[in-house]
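A.B. asks: My questions are about this predicted structure, shown below with the sequence.
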Amino acid sequence: MSIQFSDLGINSALQEGLNDLKIATPTEIQEKVIPMVLNQKEDVVALAKTGTGKTAAFGLPLLQLIDVKNHAIQAIILAPTRELGQQISANLTSFAKYAPEVSIATICGGIPIKPQIERLKEATHIVVATPGRLADLVKREAIDIKKIKYFVLDEADEMVTALKEGLDHIIKEIPKARRTFLFTATLPGTLKQLIQNYMAPHVLHIKANMETLGHQGIDHKYVVVAPIEKLEVLLHFLNSKAGQRGIIFCKTKAAVNKLAKNLAINKFSSGAIHGSLTQGIRDRIMGQFRDGYLDILVATDLAARGIDVKELSYVVNYHLPDTYDAYVHRSGRTARAGASGLSLTIIQQEELQDIGDFEKALDIRFEMFKKADAKSIEENNGLIWANKIFKTKVNKTVSEDFKSQIKTIFHHLTKEELVDKIVSNYIATTKNTGSNAEGSKKKNRK
């Protein structure tokens, strides 16, 4: 018989919340972490891949350990992005549905600070925060974290690189006699240094779900393209995944904007997020993606942290990431909670040697993805063109007389004949355009 949450020591009120969420059986990381948090006194470092249930692993025992009679802040949970912070807070609230006396506040950047200051004047037991905003509130003396008992770092590997200044300031403010629980998918040198500097000498190390990425239901594939065909190959792939959902990763904000514009022009159901967008826009796009109104999200690495969307069929690395850790986080967006998924990397010929380096470093195997041939690309472009026509909004300002003249030209054609003529015209036009473009290239070469 499989282990239940009751076997791990989780109380009946929290079990009821889990039942409502249809969460019946603990994951490996939950089995290993929950008893240690509940029954031990040591700090914990948990190394686990994304999508394995880390929030419940620390969230359930934390909710149970809170002394609701004590109105002081007892736990701080740090996340690298507002999206992840909001997600953690929402999960904790759902877990604690039948333990409403536990008070949880979400304190993240990107929104006005005054309402958060007002919220902290109320009794609060758990604060979920991003480092920058929490450090700001500490400097303003709007929050007292000097008596906390529990300190959680989620996606810690991201915080020790991009958000280290705020993190350092917070760690100096919290008491040394605390328990720290650190969760990460990778363990870079900077994170090992933080563990050594800021955590207890005797730390409990836990590894769970750490089989190679290739054994987690993720198919790792690459396709080699020439720069001029990169977008068309991507569009062909996306059309082949119509009705499925995925994330496309770009290296820079400018690249995200450029690709998102191309997808919008070609009428793909897509949105984009990166750090330079206002928080309101990011929240709106993320909400649309989570709720299924958008099929495709184009994002930078940091902006995509905390995206826990079920049933993502694929991720595309439109640009190869700079680090192996980044690839782990990117590919981990798909194949979550036991599902399968595809991680496709689009590279140029000179990057082919990098694939071997990624294989060795991450102990995974990439397979070559069959690139669409010229005929398939041409037909796909035609389908995109047809879809753009289908989705074009009707221009209500066109005169009835003009429309009548157009209808007169076509009135004797059947629907099939009209489609044949339109497609033939499209092919002839694109071939002429292609020939002209090729001619221009030859002139330029001369």
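C.D. replies: Okay, I see it. Numbers count the residues shown, from 1 in each chain.
A.B. asks: Stretch 197-214 - what's its average pLDDT?
C.D. replies: Per-region confidence: stretch 197-214 scores 78 on mean pLDDT.
A.B. asks: Equivalent analysis for stretch 339-346, please.
C.D. replies: Throughout stretch 339-346, pLDDT has a mean value of 90.
A.B. asks: Off-centre distance for stretch 83-94?
C.D. replies: Its chain's C-alpha centre and that of stretch 83-94 lie 14 Å apart, by C-alpha atoms, centre = their mean, to the nearest Å.
A.B. asks: wait, doesn't Ile427 sit right on Gly382?
C.D. replies: Yes: counting by C-beta atoms under 8 Å, Ile427 touches Gly382, with 7.4 Å between them. Heads up, the C-betas are built off the backbone N, CA and C, glycines and all.
A.B. asks: Give the residues shared as contacts by these two.
C.D. replies: Contact criterion C-beta atoms under 8 Å, 6 or more residues apart in numbering; residues shared by Ile427 and Gly382: none found.
A.B. asks: can I see the domain layout of this protein?
C.D. replies: Domain ranges of the chain: 5-208, 213-373, 393-436, per automatic domain parsing.
A.B. asks: Take the ones you listed and write them to CSV, including mean neighbour count and distance to Ala386.
C.D. replies: Compiled in CSV, those are given as follows (neighbours: other C-beta atoms under 10 Å; distance: least, C-beta to C-beta, whole Å):
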stretch, mean neighbour count, distance to Ala386
domain 5-208, 19, 36
domain 213-373, 18, 10
domain 393-436, 10, 8
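A.B. asks: nearest to Asn387, of these?
C.D. replies: Of all those, it is domain 213-373 that lies closest to Asn387, at 5.4 Å by C-beta to C-beta.
A.B. asks: Leu312: what's its closest spatial neighbour, skipping adjacent residues?
C.D. replies: Sequence neighbours aside, Thr334 is the residue nearest to Leu312 in space, at 4.7 Å (criterion: C-beta to C-beta, 6 or more residues apart in numbering).
A.B. asks: That neighbour looks like it's in a strand, true?
C.D. replies: No: counting by DSSP: H, G, I helix; E, B strand; the rest coil, one finds Thr334 to be coil, located in no strand.
A.B. asks: For it, give me its contacts.
C.D. replies: Counted by C-beta under 8 Å, 6+ apart, Thr334 has contacts 218, 246-247, 312-315, 341-343.
A.B. asks: Among those, which are located in helices?
C.D. replies: Counting by DSSP state H, the contacts of Thr334 place none of their members in helices.
A.B. asks: so which of these comes closest to Lys407?
C.D. replies: Nearest to Lys407 out of the contacts of Thr334 is Gly246 (C-beta to C-beta; 41.3 Å).
A.B. asks: Give the full set of residues in contact with the closest one.
C.D. replies: 295-297, 312-316, 334.
A.B. asks: ok, and Lys258, which helix or strand is that part of?
C.D. replies: If you go by DSSP states H and E, Lys258 is part of helix 253-265.
A.B. asks: after that helix comes which helix or strand?
C.D. replies: Of the helices and strands lying after helix 253-265 in sequence (DSSP H and E), the nearest is strand 270-273.
A.B. asks: Neighbouring strands - and their directions - for that following strand?
C.D. replies: Counting by DSSP bridges, the strands paired with strand 270-273 are strand 296-299 (parallel).
A.B. asks: Quick check: the gap between the spatially closest residue to Leu120 that is not a sequence neighbour and Tyr198.
C.D. replies: Excluding the flanking residues, the one nearest Leu120 by C-beta to C-beta, 6+ apart is Ile143, at 5.3 Å. Ile143 is 20 Å from Tyr198, where distance means C-beta to C-beta, to the nearest Å.
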